[in-house]
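Q: Starting from these lines, generate the structure:
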Amino acid sequence: MIKQKKKPQRLCSGCQAFQDKKAMTRIVRTPTGEVAIDLVGKTAGRGGYVCKTEECIRKAQSGKGLERALKTAVPVTIYENLLKQLSPS
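A: Have a look, this model is predicted:
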């Protein structure tokens, strides 16, 4: 019997549900203290995850879920950029 690899799961800072890591967006606080959207998912630093839905992004912002995950203030521009990524260009 062949064992299948487990897919990594992460907790959404908005809806508080576990999802596949690849289906989410990672926001990272770098060692220098900068907060950025991590498109590759491998940037060094403390990370927080959010589902790729407008509802989850807004919940993460209003409930300060990402701020708790990153243990720092998250600039409004991060949330704006996350929402821009959702809308097709």
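Q: Run through the bridge partners of residue 47.
A: Beta bridges link residue 47 to residue 28 when assigned by DSSP bridges.
Q: number of nearby residues for it?
A: 17 (other CB atoms under 10 Å). No exception for glycine: its C-beta is placed from N, CA and C like everyone else's.
Q: is it true that it touches residue 27?
A: Yes - counting by CB atoms under 8 Å, residue 27 is a contact partner of residue 47 at 6.8 Å.
Q: Give me the common contacts of those two.
A: 38, 69-70 (CB atoms under 8 Å, 6 or more residues apart in numbering).
Q: and the gap between the residue nearest the centre of the chain and residue 42?
A: The centre of the chain sits closest to residue 49, judged by CA atoms, centre = their mean, with a distance of 2.5 Å. Distance of residue 49 to residue 42, given as CB to CB, to the nearest Å: 14 Å.
Q: Name the single longest helix found in the protein.
A: Counting by DSSP state H, the longest helix found in the chain is helix 76-86.
Q: List the buried residues in that helix.
A: 78-79, 82 (16 or more other CB atoms under 10 Å).
Q: Which other helices and strands does it contact?
A: When contacts are defined as 3 or more CB pairs under 8 Å, 6 or more residues apart in numbering; DSSP states H and E, helix 76-86 sits against strand 24-29, strand 35-38, helix 54-62.
Q: Tell me the one of the buried residues of helix 76-86 nearest residue 64?
A: Checking the buried residues of helix 76-86 against residue 64 with CB to CB, the nearest one is residue 79 at 11.2 Å.
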